[in-house]
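Peer 1: okay, predicted coordinates and the sequence, questions at the end:
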Amino acid sequence: MPGFKFMVLLKKLEGSSFEEFESYFFETHLPFVKAIPGLRGYTVNLRLREDNEAPYDAISEFWFDDREAFDQAMASPETEAT
């Protein structure tokens, strides 16, 4: 997908389980992400459940048409809510 890609490395809260992280991410957080204006694509890559030593629990990738669209999206109320 051409355009501008932004990646975020995610770590679950200390003391929470991976299952709690996964549930919160998909059920609570993701609907906010999908409302970000100008978002053209989105993926999330979760770590393997059994890999408790992984430095991150997920990597999110966001695609926008260009850097300007990304900058506008980051300044939006929808992104603030996320």
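Peer 2: The structure has been received and is ready for your questions.
Peer 1: show me the helices in the chain, by range?
Peer 2: Chain-ordered helices for the chain, with DSSP state H as the definition, fall at 18-24, 30-34, 67-74, 77-81.
Peer 1: residue 8: neighbour count?
Peer 2: 12 (other CB atoms under 10 Å). From N, CA and C alone the C-beta is placed, and that goes for glycine too.
Peer 1: residue contacts, it?
Peer 2: In this structure, residue 8 makes contact with 59-60, 62, judged by CB atoms under 8 Å, 6 or more residues apart in numbering.
Peer 1: now do it against residue 50, distance only.
Peer 2: Plainly put, residue 8 is 23 Å away from residue 50 if you go by CB to CB, to the nearest Å.
Peer 1: can you check residue 33 too?
Peer 2: Applying CB to CB, one obtains 26 Å for the distance of residue 33 from residue 50.
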